[in-house]
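Enquirer: Just to be clear, the model below is a prediction. Sequence and coordinates:
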Amino acid sequence: MTPDGIIAGAKIVAHEEPILVIGVPREALAAYVADFKGFDLRAGGGLQQLPPAARGPQAVAGASVTSAVIRDAILRSGRAVFRSRVTALESGSVPRLDRESRRRSSWPALVAEGAVKRLLVTRGEAARLRETTDAEPEKTFIELWLALATPSAIGETLLGQRLYESELAKIGAEDNLLLVAANGLYSFRGTEWRKSGVFDRIEIQQGRNTFRLRASDYQPIDVLHAAGAPEFREIALFRIAHASGFNPTEPFRLDVSLARDAASPSRLAAPVVVSLDYRIPDSYLIPGSVASSPTLGREPGIRPSPPDAAPVQAPLWQDIWWQRRYEIAALALMLAGLGGILIFQDWVTARGKLYRCVRIGYLLLTLGFLGFLANAQLSVVNVVTFIHALLSGFRWDLFLLDPMVFVLWSFVAVSILFWGRGVFCGWLCPFGALQELLNEAARRLGIAQLQVPFGLHERLWMLKYVLFLGILAASLHSIMAAFAMAEVEPFKTAITLKFARDWPFVIYAALLLIAGLFIERFFCRYLCPLGAALAIPARMRMFEWLKRYRECGAECQICARTCTVQAIHPLGQINPNECIYCLQCQAKYFDSAVCLHIKKRIERRQPRPAIKTPAAATPAKGVTDGH
Amino acid sequence: MDISRMTRRRALTIFAATAAGLVAGGSRPETADYEWRGYAMGTDARIIFSGASHQASRSAAELAAVEIERLERALSLFRSDSEIARLNRDGVLPAPTGDMLRAVGLAVEVADATDGLFDPTVQALWEAYVDWFSTSRNQEIPPQHLIARALQAVDWRQIKLADDSIVIGKGQRITLNGLGQGYVTDRVANLLRHRGFNNVLVDLGEQRALGPNRDGSPWLVGRRGRPRIELSDGALATSEGVGCILGANGAVHHLFDPRTGRSSHRWQTITVHHHSAAVADALSTAAYCASGDEIKNLVRKFDGLIVWATDHSGRENRWESAIRPIGVKSHMG
């Protein structure tokens, strides 16, 4: 970037966008990015100044979202750098408007701090000013609200994120947005502007300068998004160019000219103008530095900004959490539900029918909401990133950026400590849920299940540990190589991208799912590096709540044979490294129609008449725990 | 144009309840009367704050000074880059500010209402006189053909307030000196009222009272040789031929009758009271060229007017509208 805010050049150094890896030619992307050369960051909508032929691609075909993100990233970071390097230096000791901090506020808070100002003119007052009379002097002639919408806490709160960002994209790095809203009898817009292109009833006055508001800088707004904002008859957003001399840090006022009442010809009166004063609260200003030393800068054009002029950034993660608050709340409910199921697992599993409904329902929720809607599929990539963060200085901010993944991981961490890795694998993994649901369907359609001999099965387990260790080892050399290896997880293909991906990936994921029709959770059993990664710390788990009889494995292999992932040894014990905590064996444990042990005990008791308490005959009562 | 500034004398004096600035020095009382003196639209300006705090008066005075300068950028002929200067130079003013539009709009309205007794296009006439007296060292009245030629450019009906522009007729030039000061006075007064001031006198050539003095007593506006006027609301504007004299023999002054192109000599002094300083300003100019009957008609036609007209014998006539203004009282001499 040049010192006057022109992009001197742009090129891709590296990118890790999975969609762009495949399908979109690298040259198209490079050309798109290179085309930002010459873009004037100070001008609003900058590229408009060039002739259309020289504009180049507005987007990259087949990756419109990504190209919009790239455009946004270039312009936004360019403007931020321009402001911090150049504007900060130019303004010297003068405070400047904080355009970078991102915050959310509410209507009452904005009103309280004076970020939104109000002027009320009753019909009585208007009549007095216009030297007429009004039969209803108490009613509102015009109630006017004014706000400088440039800072995010004001603009984004009032306009909503989408509109705020799109309006911000239209203006230059130092231009401003002004919001005017009103209720009442009188319109501040009038009708003249449609014809003349300029608003004749309103004007901004600042010191010696008058700023006229033009139709070309005008955006009508339907409704304010701020929590607690009233409804308005008319809302207008105006763009005010920096070049006009407008200074958002200085006080200014909105003059509203009250048009003459044509019904009183016996009056000669001066035009009536009412004013609404505005001054941006100090909290939206960045104090100027005392003195900056230009000699510090070695490269021409890029001079260091004074340290205390650096904008105080409100954490981005807070904004993201607020935006996704409903999803987060839904996830919290879901996790609370799962916690309940686990804590009252005996009660749930003792009711076989209820357990099956809960199980299928929860898996559907995991697949539909967590997987497809919220894209909250945890991955071994998270584990690798986490380990690397621990090695290279841990920062909460980084992990807080994705609230769903953060909340999910927090829950998983606790559940690993309590019950082992199975809670995630069996309940919260969308791909796991997809496999299990498909297998359930396959079974109902009568597809025969393959039983892997336990000796072979046991040895195949090693594969996933090898894969995980391989990925971890690769990550120490190159994180990109590790991420490439992590493609052994079909999660991105199946869940995040919903199979909209290049065919080799689709075929791989489909093959795994087909294998899962014959061997339940085929991928989980042998290949999942995430499962392996979780199984290692899960050895620390605190509770052993899965119940077994002393006879299990000796007389009967029902649980072992029907275990979702064959985690039960032929000898009867459950291998917690492999167990996915689906609780199926627990349902059988309580089921007198299935469990051989219970059946035998009932048989033993039946010949004898029930003399003692009838309650003793109920299978669940008085049964000794397997441990 | 500097001639008028130099020769124009202040006809009126104002007796403020307490002389401002006397209380400065030593400990400062919480409230006092403060006076700001400055310069506006080519003439002396002052604002008196009655019973105000020093801090409030000071910030209000600063605000007023900045606002005056802003309005001068639109309306003042004394600035070569003002909107009115550009309009006179180019014959068209694109993208006028709201204040320029409203001031010119009001000038046209008053011209319509007075049937041209007030006419903002007399600037061409004024320039013809100034040229005549300054270039040829003439002491006599300019010849009729010069006046007739200048009069061709005098017709307010050629001013067009079109979409987002002001256009004037070919060869026309306009002045807002018969209304501009009043317009600025109104704007400054409204701004101060909006800031919560209720005991202020704004005097930029015309006097506009925002309420009486803090103790409730009216502002006393003295007139040369005439009884004082008590003013507690609205504005007073005074026109006097002797305010600005051209040539040595005093036969020509700045108040031209747009119908004849000659300086009017009907009255010695005209003082008008109206709620708005701009309207009072324009109507005092109009009344100066009007006959007694014409003034009577004007007062009959419009509400809220008082006109004091002193003829050359020193006799004062007073006419007022049926719905008379409040906040003004003239003392009997």
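Expert: Structure received.
Enquirer: Tell me who's in contact with residue 281.
Expert: You didn't pick a chain, so chain A it is. Contacts for residue A:281 (CB atoms under 8 Å, 6 or more residues apart in numbering or on different chains) come out as A:113-115. Glycine gets a C-beta too; all of them are placed from N, C-alpha and C.
Enquirer: hmm, I had chain B in mind actually
Expert: Residue B:281 neighbours (CB under 8 Å, 6+ apart): B:178-183, B:185, B:205-206, B:235, B:237, B:272.
Enquirer: Where does the stretch 1-150 of chain B get nearest to chain A, residue-wise?
Expert: When scored by CB to the nearest CB, the stretch 1-150 of chain B has residue B:102 as its residue closest to chain A, at 4.0 Å.
Enquirer: surely that residue meets residue A:257?
Expert: Yes. Using CB atoms under 8 Å as the test, residue B:102 is close enough to residue A:257 to be in contact (6.7 Å).
Enquirer: which one of these two has more residues nearby?
Expert: The neighbour comparison of residue B:102 against residue A:257 (other CB atoms under 10 Å in any protein chain shown) goes to residue B:102, with 23 against 20.
Enquirer: Mind checking what helix or strand follows the helix or strand harbouring that one in sequence?
Expert: Element membership for residue B:102 (DSSP states H and E) is helix B:98-113. Downstream of helix B:98-113, the first helix or strand assigned by DSSP H and E is helix B:123-135.
Enquirer: taking the mean pLDDT, what do you get for that following helix?
Expert: For helix B:123-135, mean pLDDT rounds to 80.
Enquirer: Which other helices and strands does it contact?
Expert: Helices and strands touching helix B:123-135, by 3 or more CB pairs under 8 Å, 6 or more residues apart in numbering or on different chains; DSSP states H and E, are helix B:144-151, strand B:245-246.
Enquirer: relative to helix B:144-151, how tilted is that helix?
Expert: 140 degrees (axes from the mean of the first three to the mean of the last three CA atoms, to 10 degrees).
Enquirer: gap between helix B:123-135 and the chain center?
Expert: 21 Å (CA atoms, centre = their mean, to the nearest Å).
Enquirer: Just the CA trace of that helix, in PDB.
Expert: C-alpha atoms of helix B:123-135 as PDB (Å, rounded to 0.1, in the frame of the first residue of the first chain):
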ATOM      1  CA  GLN B 123     -27.500  45.400  -6.400                       C
ATOM      2  CA  ALA B 124     -26.900  46.400 -10.100                       C
ATOM      3  CA  LEU B 125     -28.200  49.800  -9.200                       C
ATOM      4  CA  TRP B 126     -26.000  50.100  -6.200                       C
ATOM      5  CA  GLU B 127     -23.000  49.100  -8.300                       C
ATOM      6  CA  ALA B 128     -23.800  51.600 -11.000                       C
ATOM      7  CA  TYR B 129     -23.900  54.400  -8.400                       C
ATOM      8  CA  VAL B 130     -20.600  53.200  -6.700                       C
ATOM      9  CA  ASP B 131     -18.900  53.100 -10.100                       C
ATOM     10  CA  TRP B 132     -20.200  56.600 -11.000                       C
ATOM     11  CA  PHE B 133     -19.000  58.200  -7.800                       C
ATOM     12  CA  SER B 134     -15.700  56.400  -7.600                       C
ATOM     13  CA  THR B 135     -14.400  56.500 -11.200                       C
END
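Enquirer: Which of the contacts of residue B:281 fall in strands?
Expert: B:235, B:237, B:272 (DSSP state E).
Enquirer: For the last one, name its beta-bridge partners.
Expert: In this structure, residue B:272 has the following beta-bridge partners (DSSP bridges): residue B:237, residue B:307.
Enquirer: how close does the residue in the stretch 101-250 of chain A that chain B sits nearest to sit to residue B:158?
Expert: Using CB to the nearest CB, the single residue of the stretch 101-250 of chain A nearest to chain B is residue A:196, 3.8 Å away. To residue B:158, residue A:196 is 20 Å away according to CB to CB, to the nearest Å.
Enquirer: just residue A:116 next, same as before
Expert: Separation of residue A:116 from residue B:158 (CB to CB): 46 Å.
Enquirer: And for residue B:327?
Expert: Residue B:327 is 37 Å from residue B:158, by CB to CB.
Enquirer: residues contacting residue 184?
Expert: Defaulting to chain A. A:121, A:139-143, A:233.
Enquirer: Can you look at chain B instead?
Expert: Contacts of residue B:184 (CB under 8 Å, 6+ apart): B:40-41, B:68, B:71-72, B:75, B:204.
Enquirer: let's go with 6 Å and repeat that
Expert: The contact partners of residue B:184, taken as CB atoms under 6 Å, 6 or more residues apart in numbering or on different chains, are B:40-41, B:71, B:204.
Enquirer: Quick check: buried residues in the lengthiest helix in chain B?
Expert: Determined from DSSP state H, the single longest helix within chain B is helix B:54-75. Buried residues in helix B:54-75, defined by neighbour count with 16 or more other CB atoms under 10 Å in any protein chain shown: B:54, B:57, B:60-61, B:63-65, B:67-75.
Enquirer: need the residues of the stretch 51-200 of chain A near chain B, please.
Expert: Residues of the stretch 51-200 of chain A lying near chain B by CB under 6 Å from any CB of the partner chain: A:195-196, A:198.
Enquirer: One more pass at 10 Å, please.
Expert: A:119, A:129, A:131, A:192-193, A:195-200 (CB under 10 Å from any CB of the partner chain).
Enquirer: picking that back up, if we look at chain A, which of the contacts of residue B:184 are close to it?
Expert: residue B:71.
Enquirer: Run the angle between the helix holding residue B:102 and helix B:54-75 for me.
Expert: Using the same axes, to 10 degrees, helix B:98-113 lies at 70 degrees relative to helix B:54-75.
Enquirer: remind me which residues of the chain are low pLDDT?
Expert: All of this refers to chain A. For chain A, the stretches flagged by pLDDT under 70 are A:15-28, A:40, A:42-69, A:72, A:84-93, A:260-267, A:288-316, A:397-398, A:607-627.
Enquirer: let's do chain B instead
Expert: B:1-29, B:136-139, B:242-251, B:324-326, B:330-333.
Enquirer: tell me the centre residue of it?
Expert: For chain B, the residue sitting closest to the mean C-alpha position, by CA atoms, centre = their mean, is residue B:281 at 4.0 Å.
Enquirer: Confirm that residue sits in a helix?
Expert: Yes. Assigned with DSSP: H, G, I helix; E, B strand; the rest coil, residue B:281 falls within a helix.
Enquirer: Tell me how many other residues crowd residue 200.
Expert: Using chain A here. 22.
Enquirer: wrong one, chain B
Expert: The tally of other residues near residue B:200 (other CB under 10 Å) stands at 26.
Enquirer: what's the distance between the residue nearest to it when sequence neighbours are not counted and residue B:195?
Expert: Leaving out its chain neighbours, the residue that sits closest to residue B:200 by CB to CB, 6 or more residues apart in numbering or on different chains is residue B:210, at 4.3 Å. Distance of residue B:210 to residue B:195, given as CB to CB: 10 Å.
Enquirer: Compare neighbour counts for these two and give me the winner.
Expert: residue B:210 (21 against 15).
Enquirer: residues touching residue A:527, list them.
Expert: A:460, A:463-464, A:467, A:488-490, A:512, A:515 (CB atoms under 10 Å, 6 or more residues apart in numbering or on different chains).
Enquirer: Give me the subset of those residues that lies in helices.
Expert: A:460, A:463-464, A:467, A:512, A:515.
Enquirer: Give the next helix or strand downstream of the helix or strand where residue A:482 lies.
Expert: According to DSSP H and E, residue A:482 maps onto helix A:479-485. Once helix A:479-485 ends, the next helix or strand along the chain (criterion: DSSP H and E) is helix A:491.
Enquirer: And that next one, what does it pack against?
Expert: Packing contacts for helix A:491, counted by 3 or more CB pairs under 10 Å, 6 or more residues apart in numbering or on different chains; DSSP states H and E, involve helix A:430-444.
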